[in-house]
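Engineer: Fold the following, please.
(2 chains)
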Amino acid sequence: DAGVTQSPTHLIKTRGQHVTLRCSPISGHKSVSWYQQVLGQGPQFIFQYYEKEERGRGNFPDRFSARQFPNYSSELNVNALLLGDSALYLCASGAGTSYEQYFGPGTRLTVT
Amino acid sequence: AQSVTQLDSQVPVFEEAPVELRCNYSSSVSVYLFWYVQYPNQGLQLLLKYLSGSTLVKGINGFEAEFNKSQTSFHLRKPSVHISDTAEYFCAVGLSGGYQKVTFGTGTKLQVIP
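Structural biologist: As a prediction, this is how the structure comes out:
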């Protein structure tokens, strides 16, 4: 079975631009969470979606938004990019209310 | 709010020696605890988890961890490390009864020396 997939793998954007990152969860998983991992730090929670509804939001500005589609895939959108948004963005999927999350390989975003 | 402290940013250890990676957490309610491993340029892989029950948890690749509620610790151990264990290890905590927000520590880089 395929694991969590994310696209693109790498992305380079300019300050002020907009970016969309995509995630496909493991088949049968209805929960998707997004994390930001800045170099040298642990992942920071951004959002969790379950059954297409936002279940939780971390301490990130409104420039960050996300949504989950009927097939449970998800998009993370970031507007007005700043240099500090450069990071590895990780998506994790889970089954129901289980805390066991499976992570994708991440999207490396570089803002110049 | 919960928080996680990983006391060592880097741990060098010789191959076949034992290792302990330390993790302490802070929370006013019941928690779930996790250890993840991250190899270079990859996502995170779950090593083991404590949800309830036995305080000694065994995971993949020969790792185990012990939940100590009185000391609010969840240290990761392996009796004999291999070169392939070289990676970054993250301790994480989630709140029971809530949505699946997981708070990660800052990570410990394990360097296995041949």
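
Engineer: Can you tell me the closest non-neighbouring residue to the residue nearest the centre of chain A?
Structural biologist: Residue closest to the average C-alpha location in chain A (CA atoms, centre = their mean): residue A:34, at 3.4 Å. Of all residues not flanking residue A:34 in the chain, residue A:46 sits nearest, at 4.3 Å (CB to CB, 6 or more residues apart in numbering or on different chains). For every residue, glycine as well, the C-beta is placed using N, CA and C.

Engineer: tell me the SS of that neighbour?
Structural biologist: Recorded secondary structure, residue A:46: strand (DSSP: H, G, I helix; E, B strand; the rest coil).

Engineer: if we can go back for a sec, for the residue nearest to the centre of chain A, which residues are in contact?
Structural biologist: Residues in contact with residue A:34 (CB atoms under 8 Å, 6 or more residues apart in numbering or on different chains) are A:23, A:45-48, A:66, A:74, A:76, A:89-92.

Engineer: Could you check how far residue A:60 is from residue B:46?
Structural biologist: Computed as CB to CB, to the nearest Å, the residue A:60 to residue B:46 distance reads 24 Å.

Engineer: quick revisit: is the residue nearest to the centre of chain A in a bridge, and if so with what?
Structural biologist: Note on residue A:34: beta-bridge partners by DSSP bridges are residue A:47, residue A:91.
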